[in-house]
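[1] coordinates for the following, if possible.
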Amino acid sequence: MTTDTTANTPATKQSDNGGLIWKRASYGLGWFSLALAAAELLAPKKIAKALSSEGHEGLIRAFGAREAIAGVGLVTDQGHGLRVWNRVAGDAMDLTALHFARKRAPDNKNIWGAIAAVAVVTTLDICTAIGLDRRTGKSLPIGR
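    Model prediction:
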């Protein structure tokens with residue numbers, strides 16, 4: 001009878017804990033997506049007004065639907081980098097829309113705050129996606 005001692009090595013435990021951290025982060029990002037989706041779906045007029053983007057409520061609702069889909073995916077099946085990379089793609093869409101809003105109203109501090117918030121969340125998304133990819137042995141969403 002042989003025993004496998006690799007399961008008890010510090011490196012293995014650290015690796016397992018690292019994977020758990022990234023899974024938990026993706027789960028948290030899923031709930032964040034659902035909360036943001038609720039705001040975008042339930043109050044698009046208020047968001048549009050705050051961002052000097054009146055008349056673009058349909059786009060805000062579409063972004064809310066995208067967030068809801070991303071959130072459900074992450075909450076029900078966290079731990080997959082591709083789902084988080086999809087959030088990164090959504091972040092790029094958000095930043096593009098905010099760029100155009102900023103061009104229309106460069107002095108609107110709400111827009112600058114939204115850009116900063118999306119930049120922070122994008123950083124979290126990228127770090128989480130990379131962490132999950134390392135855990136699964138994949139390096140990017142390409143070739144999945």
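
[2] C-alpha from now on. contacts and neighbour counts both.
    Noted.

[3] where is the longest helix in this structure?
    With secondary structure taken from DSSP state H, the chain has its longest helix at helix 10-42.

[4] name the residues of that one that are buried.
    18-41 (16 or more other C-alpha atoms under 10 Å).

[5] now for that helix, which elements pack on it?
    Other elements packing on helix 10-42 under the criterion 3 or more C-alpha pairs under 8 Å, 6 or more residues apart in numbering; DSSP states H and E are helix 57-76, helix 109-136.

[6] can you put those in CSV and add mean neighbour count?
    Written out in CSV, the entries for the helices and strands packed on helix 10-42 read as follows (neighbours: other C-alpha atoms under 10 Å):
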stretch, mean neighbour count
helix 57-76, 20
helix 109-136, 18
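
[7] so which of these is nearest residue 85?
    Closest of the helices and strands packed on helix 10-42 to residue 85 is helix 109-136, at 5.9 Å (criterion: C-alpha to C-alpha).

[8] output the contacting helices and strands for the closest one.
    Of the remaining helices and strands, those touching helix 109-136 by 3+ C-alpha pairs under 8 Å, 6+ apart are helix 10-42, helix 81-104.

[9] what's the angle from it to helix 10-42?
    Our comparison of helix 109-136 with helix 10-42, counting by axes from the mean of the first three to the mean of the last three C-alpha atoms, to 10 degrees, yields an angle of 140 degrees.
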